[in-house]
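[1] fold the following, please.
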Amino acid sequence: MSSFAHPIRWSLACVALALLAPPAAADGRGDSPFDDVLRLVAEGRQTFRFDTFGDEVFWGDTLRLHEALAQTTPRQALELGLKIDVEALSRRLAFDLRRGRVDLDDPANTVALLRQDAVVGVTGFFEGGQLVSVGTQCALCHSTVDDSLQPGVGRRLDGWANRDLDIGRIIASAPDLSVFEKLLGADTAAVKEVLEGWGVGKFDASLLLDGKTEGPKGSAAVLIPPAFGLAGINLHTWTGWGSVPHWNALVANLEMGGQGTFVDRRLDDAGRFPIAAREGFSNVRRTPDRVTPKLPGLHLFQLALKAPRPPRRSFDASAAERGQEVFALRCASCHVPPIYTEPGHNLHAPSDIGIDAFQAERSPARGYRTSPLAGLWTHTKGGFYHDGRFETLDEVVNHYESVLGFTLSDAEQSDLVEFLKSL
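    Purely as a prediction, here's the structure:
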């Protein structure tokens, strides 16, 4: 079975369990508990892939991003890291793309792709055949494609970090950035400089909370993380903001501009979150609430997304087997198998891991989560740690040798890296 199919095995197991479950539930309605689970997982998949939470009010009505997209060619869109879902294309368009018969330099074809709902994580809204607005979904940042038709065009890979996405440059292309100007107290040129400075595969979820634009390594943006492999994981983000549903609600309401409810009184701390405190982001309540009803299914769907296995021959199996012993001795006290993070409150002070506190201080938790490692091979592009400060796994190992005071031979280090690639 292809490694790309691996994340759906959990759902297939649920189907089998549902078939074996008693025909009636305790409430007498005839539905087993597994029916509810399967229904919620299916709803969550739909939400993850296609629900805008009403954020077209922000991206379309406010930023007018659709106007920029209508002038963007498919080639430019692909260069910005946007992905095309081949299974959403009409048979004719897919055939023409495969044969090179689609003009990738014609913006009208970008609009045609939006009309077929084929741009992963982006929904176009049309009236009278005209593109009048645009909304975004979770999948924009947390999905990619398998490139089965051509680079950037293929079947969806739900939960994979899109490390090709230049989301800052995409936002900066919007005709009206006045909402950012107001929040940041900066002019259009300064706002564009910040957004375009994020870089490929990065996003700054804290910008509109604390207004910080630069850190010790340059831009304050961090790498887009995967959304798979979260079952059994407590704190969801690099800096331990909270659980999966908490972060989903924060992102849907405060980052995507969705229409819903979000409450986190920690954002009332004006010293640490001056923009959030000023704008009342600690208690957001919009009606109708298009976010909260979707959180249960979205949560279950993400928990169902298992980390994909690495492709065969992408690592040295014999070396990885030896590296597992090195890992058990040097790494497993924090990255506890099989979830490869610490059960419980898995948060460390910056000094524990030998890095600066900049991003930790942007979170109420003031620490760094022990990152789960399964599926590491899918998100190596852009480097490691939240900001990509280490370009290679060897650099990560060297860092911990220095911080924790141990020494590996060249062979041990090589074996350990092969084990990490095998997870």
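[2] pull the residues that contact the host helix or strand of Leu140.
    Using DSSP states H and E, Leu140 falls within helix 139-142. Helix 139-142 is contacted from outside by 48-50, 120-122, 156, 158-162, 165, 167, 203, 224-227, using CB atoms under 8 Å, 6 or more residues apart in numbering. C-betas here are computed from N, CA, C, even on glycine.
[3] can you tell me which of those residues are in helices?
    Within the contacts of helix 139-142, residues falling in helices by DSSP state H are Phe48, Arg49, Phe50, Ile167.
[4] now the residue nearest in space to the middle of the chain: how far from Trp160?
    Central residue of the chain (CA atoms, centre = their mean): His142, 3.3 Å from the mean position. With distances taken as CB to CB, to the nearest Å, His142 is found 7 Å from Trp160.
[5] anything in contact with each of those two?
    Pro226.
[6] going along the chain, name the helices of the stretch 151-300 of the chain.
    167-172, 178-184, 188-196, 207-210, 244-250, 274-279, 295-304 (DSSP state H, counting those that start in this stretch).
[7] now Gly367: closest residue in space, sequence neighbours ignored.
    Leu347 (3.9 Å; CB to CB, 6 or more residues apart in numbering).
[8] surely that neighbour touches Pro364?
    No - using CB atoms under 8 Å, Leu347 is not in contact with Pro364, being 11.1 Å away.
[9] who's the residue nearest to Gly367 bridged to?
    Beta-bridge partners of Leu347, counted by DSSP bridges, are Arg369.
[10] now the strands for this structure?
    Here the chain has its strands, by DSSP state E, at 84-85, 122-127, 130-136, 143-145, 153-154, 156-158, 202-203, 214-215, 218-219, 222-223, 261-263, 283-285, 347-348, 368-369.
[11] now distance to Pro337 too, for those, in TSV please.
    TSV is the format used below for the strands of the chain (distance: least, CB to CB, whole Å):
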stretch	distance to Pro337
strand 84-85	34
strand 122-127	38
strand 130-136	36
strand 143-145	27
strand 153-154	32
strand 156-158	24
strand 202-203	29
strand 214-215	32
strand 218-219	34
strand 222-223	24
strand 261-263	35
strand 283-285	39
strand 347-348	18
strand 368-369	17
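[12] if we can go back for a sec, out of the ones in helices among the contacts of helix 139-142, which is nearest to Gly257?
    Ile167 (13.7 Å; CB to CB).
[13] just give me the neighbour total for the residue lying closest to the closest one once chain neighbours are set aside.
    The spatially closest residue to Ile167, leaving aside those adjacent along the chain, is Phe203, at 5.4 Å (CB to CB, 6+ apart). Residues near Phe203, counting by other CB atoms under 10 Å, number 22.
[14] hang on, Phe203 packs against Arg169?
    No - counting by CB under 8 Å, Phe203 stays clear of Arg169, with 11.6 Å between them.
[15] got JSON lines for the strands of the chain, with distance to Pro311 and mean pLDDT too?
    As requested, the strands of the chain are exported to JSON lines (distance: least, CB to CB, whole Å; pLDDT from 0 to 100):
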{"stretch": "strand 84-85", "distance to Pro311": "22", "mean pLDDT": "98"}
{"stretch": "strand 122-127", "distance to Pro311": "28", "mean pLDDT": "98"}
{"stretch": "strand 130-136", "distance to Pro311": "30", "mean pLDDT": "98"}
{"stretch": "strand 143-145", "distance to Pro311": "15", "mean pLDDT": "98"}
{"stretch": "strand 153-154", "distance to Pro311": "15", "mean pLDDT": "97"}
{"stretch": "strand 156-158", "distance to Pro311": "13", "mean pLDDT": "98"}
{"stretch": "strand 202-203", "distance to Pro311": "26", "mean pLDDT": "97"}
{"stretch": "strand 214-215", "distance to Pro311": "34", "mean pLDDT": "93"}
{"stretch": "strand 218-219", "distance to Pro311": "32", "mean pLDDT": "92"}
{"stretch": "strand 222-223", "distance to Pro311": "22", "mean pLDDT": "96"}
{"stretch": "strand 261-263", "distance to Pro311": "39", "mean pLDDT": "98"}
{"stretch": "strand 283-285", "distance to Pro311": "42", "mean pLDDT": "98"}
{"stretch": "strand 347-348", "distance to Pro311": "32", "mean pLDDT": "93"}
{"stretch": "strand 368-369", "distance to Pro311": "27", "mean pLDDT": "94"}
